[in-house]
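Engineer: quick one, fold the following:
(chains A and B)
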Amino acid sequence: MDKNRRDFMKQLLIGGAVGATILSDLPAMAKDEENKAERPQDKTEYKYVYSSCLGCNVRCGIKARIKNVAGQEIIDRIEGNPYHPYNRAAKIDKQDHKYDPIPYNTPTSEANTKWVGSLCPRGQDGIHYTYYPYRVIKPLKRAGKRGEGKWEAITWEQLIKEIAFGGTIEATGEKLPGIADLFPLGKLKKAGFENPLKILENMKKDTEAIIALAEDKKSSALDVSNKIAEFKSKYESLLSTKGLSLKDILIDPDRPDLGTVANQFAYYRGRGQGHTDYFSTNFANSLGTINWLRHTSACQNAYYTANKALFGQTDLQPDIYSAKVVIMAGAQMGRLHPGATGQGLIIQRAANKELKIYYVNPTAPRTEANENIIWVPIKPGKDAALALGMIRWIFENNKYNAEYLKVPNKLALKAFNYATPSNATWLVITNGDKQGQFLKAKDLGISTENKAVVRFNNEFKVFDTINEGELFFAGEVTLADGKKVEVKTSLQILKEEAMSKTLQEWGQISGVDPKMIAQMAKDLTDAAPQAGTYVHRGVAMHSNGEYNIISYRLIDILIGNYHKKGGLLGRAGHSDYSHYCYEIAKFSGQPVKWGPQIDRTKFKYEKTLEYLMKVKKGENPYGTIRPWYPLSAEESYTETFAGMFYKYPYQMKAMILHFANPVLSANHGVKFIDTLSDTDKLPLFVGITTTINETYIYADYIVPDTTYLETGTSGIQYLYATSGGATVAESWRSPVVMPRTEQIGVSPKGHPRHASFYEFFIDLGKALGLAGFGKDAVEGKKHNAGKKFEIESVYDYILKVYANGAMDSVNKGLIPKEVLAEDIEFVEKNYYIAKFKDAISPEEWKYVCYALARGGVFTSYNTSFDAKGLSKRKVPGKDIHTVWNEDIAKTVNTVTGVKYWGTARYFEPSASAFINGVKEDKAFGTPFKKLYGDYPFVLTFASGPLSTKHRAVMYYYIRQINPDNFAILNPDDAKNLGVKTGDILNIETPSGSIEAPVLVEPTVIKGSVVIPYGFGRWSDTVISKPKYIANFKDKKLQQHLNNLPEKVSIPEDAINPIRNMDSDWKELLFTNKPKAFYDNGLGVEKWAFQGITPNPVEMKDPALKDWPLISCLGATQSYYYTPAKVTKTGKKYKFEAEQLVW
Amino acid sequence: MSEKKIVLKKRDFLKLAGTTIAAIKLLPKSGFTATKSQKFGFYIDVEKCYGCMSCVIACAEENHVPLNSFRTKVKRVTESKKDKGKVTFVPVQCNHCENPTCVKPCPVGATYKGPDGLVVIDNDVCIGCGKCVKACPYNARFLDPIKGIANKCSFCDHRIYSGKLPACVESCPTSAKIFGDLNAINEISTNIKNNKTSVRFPEFKTKPKIYYRNLLKKI
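Structural biologist: Residues are numbered from 1 along each chain as shown, chains lettered A, B, ... in the order given. As a prediction, this is how the structure comes out:
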């Protein structure tokens, strides 16, 4: 019944035209139980596309449902993928126990009619994310000073040309450099050199020779200077023959070790994925820059760094399918892999009494699951104390796995049922100048080998010559040269560390009841090896983060659970998606590269000429302006932007930043504005993004990007360690709907090209003449050997990715040789990319369809372990797991000159160096409690299934449930402050102050103020200044805040991908929202800018010029421990929702 | 007055108003006919729900629920237990009661209980007066801000007759929700048989058909 008729009827009936008696008898007209009830059924013709989610980074499967609305294909609903182990499967007669996906070879007709996969709310609201009105759809160039918020739309051609060869900002007259300036191979080619690749190779070799000479203790400073002069003379004369000089090629001719000018270009990505990571790596490698950088310091770098040190593998987690007891620490429910979707398995198992989870977190779990999820409230940053308490209990009760720990080498371990031995028995020198190093056979004189030594039957033996060693030993040893040293076994050192405090003291430090610590240790060891630590950011992202992770992971080593069913596993394997029959990750014509990254990670300071020359001149080499992080697994935001600011170790000239927001997402990330707003520190800043966020405000150019449901981040996604129960598990991300960014052309094969990350690098690569882009860019392999293929559109590339994955999977027997016609038909009917299948061969397409129709390639958990319970996967990591880590013990903090400690230890949350040079015993930096003792609270934050990253603001279906956030206080603390829910607090940290309404509830530990994450934005193309930030203590930052424009100036038709779409559909997605937001106009929409984020006032490092605090070993952002003062303001806040949820 | 007379009077009145009953009761032919042999319900295990809100979003997408209206919700309860905080999430939606209080107040008979136990809103008949919304003691109904008619959980009756599950059950990662025919031998009836269950506010005497395990009182 239409509205008008209905209104009319309503008026008649209610207006009194019909008497009350009749009204009450009208139901007689209604259908009663006698009548048959007809129900309209949904007969819509939908399309379905399987893909991989990007609501967070877990990479669950999705099945997107597409509907035709007013002639446009729109995403109508997003469901889960029943083939994917994280979504798992159900059907009408099997809804309970969603433990397993359907077998990979299930016919797609059966999967599509009978089965469904579960999916968390973020994955489902990919809809609002894709159809978000603030998305930029045309290329933009700044039309004012950096950060003024003034933009003009430009053509794609102008965008490429200016970024490649340099542009001018008309409004200010600023001249921006082009990336061609930073392409030495290009310059050499252009100048006319015949063998430019060889010239660069020789430069690299000659540089290595200079370093080798500098490392030679016998050479003098003069020897090295002379060699550098020789080098310069050689290359100046060569280059000048074609009108070039060394300055055109090297950053600093006097410092050839810093590398070529290509290093002055950085590609930095936030949310990286296969295959944007591999594609951008191609660009970086073809240019020749060492600076291909990731957001890992904001993600999980300290967790990676610690795991890498101990196991040689960055990512390890327990087997969630079979583990019986798990210590889930620093991991929010609904967040850590396998994500809000995949964790459903863990919660069911706990509720079904198959799994006990000790939930170690300052915040309470979201369900107790029949008392099998036990809250262990812990003080933020104190996890090492809890872990050492457990380790103490384990030693005192002899619950360590002696059978495993006593084996010193891999060969001897074969007799037992374990994958990798530990160095528990290896002897460590504990005093003198070799303190922290292993006692070596050659130093002891028992052989000439530089190998570790163990003790057995009162004799010293080389570690790989014997089947077992003594676990506990401490004593004095005389070396071959007569010197005496003290030695202990690695396990002895760990034991002493654990015993250095009583259980009560460990409990006191961590805030955990010692009885609980004992119970956790008992349950874990009773269940071993089907038990383990399930740990993540809340433990790792602290100044002491690596030591927190190391301390937990040593528990895993003590119980010997590695690579076992129910124990600690690495990642599932994946197909050869970058190389198999199309070589799309290595190209001839890519130049060599060398030198340290701008963020000084993964590189030893002791290998630089800066260090080596200082040593030769008798100067103290330590006390660098910024630290070096040789042990860091991946890259660092703080160190990149600080490096740019101080031009240390060299000046940067250009950065392309993709899908990132360091200003907002790093702790105190606002500090990075000092760098980003300054064209002297960063002369060219290009952003590839869907919206102009708090970081991209400072860009020179904006390249509009597509979302993951379009062509953005398409490719094949490997899964993280919670997939380790499968031997192969990879999620395929394929485009669901055509991009809504501006069409910028058509490829030679006729593929439509829309503005996006992929198309940008193709055109920029072609403009610069980089290997791997354009005609004949790709060499074929295997059945394609001898042929060349083009990369002229995103479809050219990703179809080859899929072909590699599919053909490798056929070869492995994971995809059958015979593909049913229904699989090919399903894909060709539903997936729009089928139109571009000419990018690969029909044979390859057939197998690609098999995998596309299933959203990936997955093997079954049930076939992944051998009869003895060891994983069939190749053993990940290195050959020996370190109870004592010599690499860490030999590493020197380049600012303080102090060596690090090589095993577990409780370190106070601290600055990353000492303030005023005052050294602290047993510390790597001045503890915060010494500096901020008058800040009684710890400010921290929590994520979960609802509020995760700051792009969560776009998930409007979720925001309707939690439009506001708040600061959560424990009732005891609230009582002392005299506040109740709704009162507005002032939260002051050493960095500044924010105001936040309080939620008082007992779900957070006393002494903490917890903010649910994913709110508090101030720029998302449109700007809305953040009123909740009361002030910054740093005057410069306060100025940046004051300088935020009140409004942006941007052509209206350059944004809003849904402007011309069906208005009824828009009204449904944005009910009661202003039309100036979703229709026409640049309206500021409330929800996009609501709430608070703690990040701007989170911890800075007072020892290192107030840059955002990072961790000691892995340069990782320190998020979860910021000293705070909390006071009431007297103001009150009216929450929008009836119910406060986080 | 006899029923027939009232019906005739109504029909005459409607003729006067320029409409016909046939026009009001116009239904698309692609329907399914519910029968008495089935009786649909839900089984919800509260201990498995962890408040991810998947069900709320799945329902919003599947049923095209306008933003800021909810066919299904998840309530969050916090309490202090043994000096620590405890959080419980409880999914709630229309209970499709055996004795619904929302049916009688409808002046046009737009809402009724079908033979398979589903309490249905006929969108073509509803005039949006809001009486049923006020009558529901569980606050399960709302007025659709776009269509101006009553709206509530329909147990996804546009899907379930072809062997599909309601959207909320599909999306739930923890199997907290199970759906089915209470009259058959299946997972739902077995779970209800083998576990201690309760309903929301039994004192309302509405006889809800959503059976909860581990439900806190007063939700």
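Engineer: how about the residue of the stretch 751-900 of chain A found nearest chain B, what does it touch?
Structural biologist: Going by Cβ to the nearest Cβ, chain B is nearest to residue A:855 of the stretch 751-900 of chain A, at 15.8 Å. Quick note: C-beta positions are derived from backbone N, CA and C, even for glycine. Contacts were defined as Cβ atoms under 8 Å, 6 or more residues apart in numbering or on different chains; by that measure residue A:855 touches A:50, A:51, A:52, A:61, A:62, A:63, A:81, A:83, A:84, A:731, A:732.
Engineer: and of the residues you listed, the nearest to chain B?
Structural biologist: Closest approach to chain B among those (Cβ to the nearest Cβ): residue A:63, at 10.2 Å.
Engineer: that closest one in helix, strand or coil?
Structural biologist: Three states are possible here, and by DSSP: H, G, I helix; E, B strand; the rest coil the one that applies to residue A:63 is strand.
Engineer: so what's it bridging to?
Structural biologist: Partner residues in beta bridges with residue A:63, using DSSP bridges, are residue A:50, residue A:79.
Engineer: surely it touches residue A:79?
Structural biologist: Yes. Here residue A:63 reaches residue A:79: they are 4.6 Å apart, a contact under Cβ atoms under 8 Å.
Engineer: contact partners for the spatially most central residue of chain B?
Structural biologist: Per Cα atoms, centre = their mean, the C-alpha nearest to the average position across chain B is that of residue B:94, at 3.2 Å. With contact set as Cβ under 8 Å, 6+ apart, residue B:94 has these partners: B:71, B:119, B:136, B:138, B:140, B:141, B:152, B:153, B:154, B:155.
Engineer: ok, the residue lying farthest from the centre of chain B to residue A:776 distance?
Structural biologist: Of all residues in chain B, the one whose C-alpha sits farthest from the chain's mean C-alpha position, using Cα atoms, centre = their mean, is residue B:83 at 37.6 Å. Distance check for residue B:83 against residue A:776: by Cβ to Cβ, to the nearest Å, it reads 71 Å.
Engineer: can you show me the CA trace of the strand or helix carrying residue A:358 as PDB?
Structural biologist: Taking DSSP states H and E as the definition, residue A:358 sits inside strand A:356-360. Coordinates of each C-alpha in strand A:356-360 appear next as PDB, following Å, rounded to 0.1, in the frame of the first residue of the first chain:
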ATOM      1  CA  LYS A 356      40.400 -22.900  29.000                       C
ATOM      2  CA  ILE A 357      41.500 -19.400  28.200                       C
ATOM      3  CA  TYR A 358      43.300 -17.200  30.700                       C
ATOM      4  CA  TYR A 359      42.400 -13.700  29.500                       C
ATOM      5  CA  VAL A 360      45.300 -11.500  30.600                       C
END
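Engineer: residues in contact with that strand?
Structural biologist: By Cβ under 8 Å, 6+ apart, the surrounding residues in contact with strand A:356-360 are A:324-330, A:333, A:346, A:350, A:365, A:369, A:372-376, A:378, A:383, A:386, A:512, A:520, A:523, A:527, A:534.
Engineer: would you give the sheet partners of that strand, along with the direction of each?
Structural biologist: For strand A:356-360, the paired strands and their directions (DSSP bridges) are strand A:325-329 (parallel), strand A:373-376 (parallel).
Engineer: after the shortest one, which helix or strand is next?
Structural biologist: Going down the chain from strand A:373-376, the next helix or strand is helix A:383-396, by DSSP H and E.
Engineer: ok, the longest one next?
Structural biologist: Tracing the chain C-terminally past strand A:325-329 and defining elements by DSSP H and E, one meets helix A:339-351 next.
Engineer: in that following helix, what counts as buried?
Structural biologist: By neighbour count, with 16 or more other Cβ atoms under 10 Å in any protein chain shown as the criterion, the buried positions of helix A:339-351 are A:339-351.
Engineer: kindly report the same for stretch A:164-174.
Structural biologist: Those buried within stretch A:164-174 under the rule 16+ other Cβ under 10 Å are A:164, A:166, A:167, A:169.
Engineer: what average pLDDT does that stretch get?
Structural biologist: Stretch A:164-174 shows a mean pLDDT of 97.
Engineer: give me the subset of the buried residues of helix A:339-351 touching chain B.
Structural biologist: With the criterion set as Cβ under 8 Å from any Cβ of the partner chain, the members of the buried residues of helix A:339-351 near chain B are A:340, A:341, A:342, A:343, A:344, A:345, A:347, A:348, A:351.
Engineer: ok, the fourth one - contacts?
Structural biologist: Residue A:343 makes contact with A:333, A:334, A:336, B:50, B:173, according to Cβ under 8 Å, 6+ apart.
Engineer: just the buried members of the residues you listed?
Structural biologist: Buried subset of those (neighbour count, 16+ other Cβ under 10 Å): A:333, A:334, A:336, B:50, B:173.
Engineer: so how far is residue A:132 from the spatially most central residue of chain A?
Structural biologist: Within chain A, one residue has its C-alpha closest to the average C-alpha position: by Cα atoms, centre = their mean, that is residue A:299, at 3.9 Å. Note on residue A:299: its distance to residue A:132, by Cβ to Cβ, is 23 Å.
Engineer: where do the helices sit along the stretch 51-200 of chain A?
Structural biologist: Chain-ordered helices for the stretch 51-200 of chain A, with DSSP state H, counting those that start in this stretch as the definition, fall at A:108-114, A:121-124, A:126-130, A:156-165, A:184-191, A:196-215.
Engineer: try chain B
Structural biologist: Remark: helices assigned in chain B by DSSP state H are B:3-16, B:21-24, B:54-62, B:131-135, B:167-171, B:187-194.
Engineer: ok so, going back, just read off the phi/psi values of the residue farthest from the centre of chain B.
Structural biologist: As for residue B:83, its main-chain torsions (degrees, to the nearest 10) stand at phi 70, psi 10.
Engineer: and the gap between residue A:767 and residue A:799?
Structural biologist: 24 Å.
Engineer: out of those two, which sits in the busier spot?
Structural biologist: Taking neighbours as other Cβ atoms under 10 Å in any protein chain shown, residue A:767 and residue A:799 compare with residue A:799 leading, 25 against 19.
Engineer: surely that one meets residue A:835?
Structural biologist: No. Contact criterion Cβ under 8 Å: residue A:799 and residue A:835 do not qualify, at 11.0 Å.
Engineer: so where's chain A shaky on pLDDT?
Structural biologist: Scanning chain A with the threshold set as pLDDT under 70 gives A:1-37, A:917.
Engineer: swap in 80 and give it another go.
Structural biologist: Along chain A, segments meeting pLDDT under 80 span A:1-37, A:916-921.
Engineer: likewise for chain B?
Structural biologist: Scanning chain B for pLDDT under 80 picks out B:1-30.
Engineer: ranges for the strands of it?
Structural biologist: Counting by DSSP state E, one finds strands in chain B at the ranges B:31-34, B:40-45, B:72-81, B:84-93, B:111-113, B:119-121, B:142-143, B:150-151, B:177-181, B:197-198, B:210-213.
Engineer: distance to residue A:1097 and mean neighbour count added to those, as JSON lines?
Structural biologist: What follows is the strands of chain B, written out as JSON lines (distance: least, Cβ to Cβ, whole Å; neighbours: other Cβ atoms under 10 Å in any protein chain shown):
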{"stretch": "strand B:31-34", "distance to residue A:1097": "58", "mean neighbour count": "16"}
{"stretch": "strand B:40-45", "distance to residue A:1097": "41", "mean neighbour count": "24"}
{"stretch": "strand B:72-81", "distance to residue A:1097": "27", "mean neighbour count": "17"}
{"stretch": "strand B:84-93", "distance to residue A:1097": "26", "mean neighbour count": "21"}
{"stretch": "strand B:111-113", "distance to residue A:1097": "53", "mean neighbour count": "23"}
{"stretch": "strand B:119-121", "distance to residue A:1097": "50", "mean neighbour count": "23"}
{"stretch": "strand B:142-143", "distance to residue A:1097": "40", "mean neighbour count": "17"}
{"stretch": "strand B:150-151", "distance to residue A:1097": "43", "mean neighbour count": "25"}
{"stretch": "strand B:177-181", "distance to residue A:1097": "41", "mean neighbour count": "23"}
{"stretch": "strand B:197-198", "distance to residue A:1097": "46", "mean neighbour count": "16"}
{"stretch": "strand B:210-213", "distance to residue A:1097": "43", "mean neighbour count": "22"}
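Engineer: noted, bye for now.
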